[in-house]
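Colleague: this one's sequence-less:
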């Protein structure tokens, strides 16, 4: 890149969506409202601005994504351009062998009882 221009702050939900950390903008906003997004260690609302150098932590699908804002963008762009807008500091995902198995119920067994549901939750680690 020739010369870096100073970029204006962008809404955190729009930035998460535009760099492809969330599938939709509404999903990014919902993650913010649910408390799954932190900017520089503080819980973020969807309209909170992010600037270059901010650390964004996003909890999704059982793991935490830690990214540093390299460039702010408000519109969704291609994957190669989106990859240039962040530095990924996330730990690697756990191997599939360590992921808890999903219990399978026999067909026609009905809904699980309260005891079975607690056992299932304990098995999943909730």
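Modeller: It's in. Remember, it's a predicted structure, so these values are computed and weren't measured experimentally. Residues are numbered from 1 along each chain as shown.

Colleague: only C-alpha atoms for contact and neighbour calcs from this point on.
Modeller: Noted.

Colleague: Run through the strands of the chain in chain order.
Modeller: Ranges of strands within the chain are 10-11, 37-39, 42-43, 49-50, 55-60, 63-69, 86-88, based on DSSP state E.

Colleague: do you know which of the ones you listed lies nearest residue 126?
Modeller: Comparison of those against residue 126 by CA to CA identifies strand 63-69 as nearest, at 13.9 Å.

Colleague: Okay, angle between the closest one and strand 55-60 too, please.
Modeller: With axes from the mean of the first three to the mean of the last three CA atoms, to 10 degrees defining the directions, strand 63-69 sits at 150 degrees from strand 55-60.

Colleague: Would you list the strands that strand 63-69 pairs with, along with their directions?
Modeller: Strand 63-69 pairs in its sheet with strand 55-60 (antiparallel), strand 86-88 (antiparallel), by DSSP bridges.

Colleague: Name the residues that touch that strand?
Modeller: 50-59, 85-91, 93 (CA atoms under 8 Å, 6 or more residues apart in numbering).

Colleague: for it, which positions count as buried?
Modeller: 64-69 (16 or more other CA atoms under 10 Å).

Colleague: related to what we said a few turns ago, now render the strands of the chain as a markdown table, adding mean pLDDT and distance to residue 20.
Modeller: Formatted as a markdown table, the strands of the chain follow (pLDDT from 0 to 100; distance: least, CA to CA, whole Å):
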| stretch | mean pLDDT | distance to residue 20 |
| --- | --- | --- |
| strand 10-11 | 94 | 14 |
| strand 37-39 | 95 | 14 |
| strand 42-43 | 94 | 20 |
| strand 49-50 | 94 | 16 |
| strand 55-60 | 94 | 12 |
| strand 63-69 | 93 | 12 |
| strand 86-88 | 92 | 10 |
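
Colleague: Ok, which of the ones you listed comes nearest residue 111?
Modeller: Across the strands of the chain, closest to residue 111 is strand 55-60 (CA to CA), at 27.4 Å.

Colleague: Quick check: chain neighbours aside, which residue is closest to residue 44?
Modeller: Among residues not flanking residue 44 along the chain, residue 38 sits closest, at 5.2 Å (CA to CA, 6 or more residues apart in numbering).
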